[in-house]
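Enquirer: sequence unknown, structure follows:
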């Protein structure tokens, strides 16, 4: 089976990144969200990233133009799904939302269409169970920023066929990704390890072991991580990080119990970069005239 038409559900940070690499790979890509304003903002973000690539000599003007031509904005998910070969959901980490979306689109998508979830920790098997196509459902966990990060985790749910995994591996290669295949388990590989490191960093911050800056500096310079765990939490969103930890705590036990300080930060609305304040403060950038 050859993938030609890709539908990306969600035009937030992850969705627009997935849509960008899909369109760059040559796929006809429908990016779906609820409003024209959200879609136009995502399209403009993609255009700016492509312009940056041209200015740095990483893309040609022809590649930029073809990518933008491959990108289609759509507000109606059912309409988009009717012509899909591959549907990738990049919705918030809410199981009820993901399940209801898959159940609804399963009724209108072609029988051959593959459904993929970009979830970082939730059960793809549970999502597949509400559809008639469980063998054609898998996880495709991309990393932020999507156009720069090379890894793509492919999550094999209980009934996912090897053929579907192979198709997803080829899609990943076309998007410029290196793939790893993970048998479904809470948190997969990366989210499980990242959650543990980020939670421990918060416990160290709570105990006064070191400042946030020094915890991050030590991990970057001593362990050769490109970003410190507290910086990473702010970038991902502390509410998202907490949600993942709560799920891992529920499924894997007490070693993933969320740090009380992280819970306090989330209750205080200190969610990270997206709101301008998390572990660190992020002053608003002045708008260009």
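Expert: Looks like it came in fine. Quick caveat: nothing in here was measured; it's all calculated off a predicted structure.
Enquirer: which outside residues touch stretch 141-152?
Expert: 13-14, 17-18, 20-21, 24, 49, 90, 118-120, 140, 153-155, 172, 175-180, 188, 190-191, 235-236 (C-beta atoms under 8 Å, 6 or more residues apart in numbering). Every residue, glycine included, has its C-beta placed from N, CA and C.
Enquirer: return a PyMOL selection command for the buried portion of those.
Expert: The following PyMOL line selects those of the contacts of stretch 141-152 that are buried, judged by 16 or more other C-beta atoms under 10 Å:
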select buried, resi 13+14+17+18+20+21+24+49+90+118+119+120+140+153+154+155+172+175+177+179+180+188+190+191+235+236
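Enquirer: among the contacts of stretch 141-152, which are in strands?
Expert: 140, 153-155, 178-180 (DSSP state E).
Enquirer: out of those residues, which comes closest to residue 38?
Expert: residue 140 (21.8 Å; C-beta to C-beta).
Enquirer: can I assume residue 261 is in contact with residue 205?
Expert: Yes: the pair formed by residue 261 and residue 205 meets the contact definition of C-beta atoms under 8 Å, at 6.3 Å.
Enquirer: neighbour count winner among the two?
Expert: residue 205 (21 against 15; other C-beta atoms under 10 Å).
Enquirer: for the strand or helix carrying the more buried one, name the packing helices and strands.
Expert: In this assignment (DSSP states H and E), residue 205 forms part of helix 190-207. When contacts are defined as 3 or more C-beta pairs under 8 Å, 6 or more residues apart in numbering; DSSP states H and E, helix 190-207 packs onto helix 212-223, helix 229-236, helix 238-252, helix 260-267.
Enquirer: ok, residue 82 to residue 7 distance?
Expert: For residue 82, the distance to residue 7 (C-beta to C-beta, to the nearest Å) stands at 9 Å.
Enquirer: so which of the two has more stuff around it?
Expert: Using other C-beta under 10 Å as the criterion, residue 82 and residue 7 rank with residue 7 on top: 30 against 15.
Enquirer: show me which pair in the ones in strands among the contacts of stretch 141-152 is furthest apart.
Expert: 155 and 178 (15.4 Å).
Enquirer: identify whichever of the helices and strands packed on helix 190-207 lies nearest to residue 65.
Expert: Taking these one by one with C-beta to C-beta, helix 229-236 is closest: 30.7 Å.
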